[in-house]
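# just the structure for this:
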Amino acid sequence: MATDGVRLLPCVRMKRALGASAFLAAMSVGVFATAAEYPGWGDTGWVHTSRRECCNSAIAIAIDYSAQACVNSGGVPRPFRDGVQRGTCQLQWDQDAAGGMLYRCYGEATTWCR
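Below you'll find the predicted structure:
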């Protein structure tokens, strides 16, 4: 298809604007692609403690594993907002021979990495 000397984009400003838009789009993709989530899991084993402490420990273990995965990948873990741990916990319970409560907690947490 011949254009007979007619430019497809006759305006130089239009070319610059399109070029700048393409550059900004490429740069923003690079910025968003570097952030990642690293999930971690924690298991306390059977412990004589409260349900709350068991779950807090399992989530703390999961956070540690998650943060270590981030560091191993060359990143830096982002701290939690307001210093609050975030994660989920599932627990099992049983009683020992003396009737004392035993808990086993499984925690899951995700650390954002930059």
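
# could you pull out the buried residues of the helix or strand hosting I59?
Per DSSP states H and E: I59 is located in helix 51-72. Within helix 51-72, the residues scored as buried using 16 or more other CB atoms under 10 Å are 54-63, 65-67, 69-70. For the C-beta atoms, the positions are set from N, CA and C on the backbone; glycine is no exception.

# between the very next helix or strand once past it and helix 51-72, how many degrees?
Of the helices and strands lying after helix 51-72 in sequence (DSSP H and E), the nearest is strand 88-95. Between strand 88-95 and helix 51-72, the angle comes out at 140 degrees (axes from the mean of the first three to the mean of the last three CA atoms, to 10 degrees).

# for the helix or strand just after strand 88-95, packing partners?
Next in sequence after strand 88-95, counting helices and strands by DSSP H and E, comes strand 101-113. In terms of contacts (3 or more CB pairs under 8 Å, 6 or more residues apart in numbering; DSSP states H and E), strand 101-113 is packed against strand 36-47, helix 51-72, strand 88-95.

# and the last one, which strands flank it?
For strand 88-95, sheet partners with direction are given as strand 101-113 (antiparallel), following DSSP bridges.
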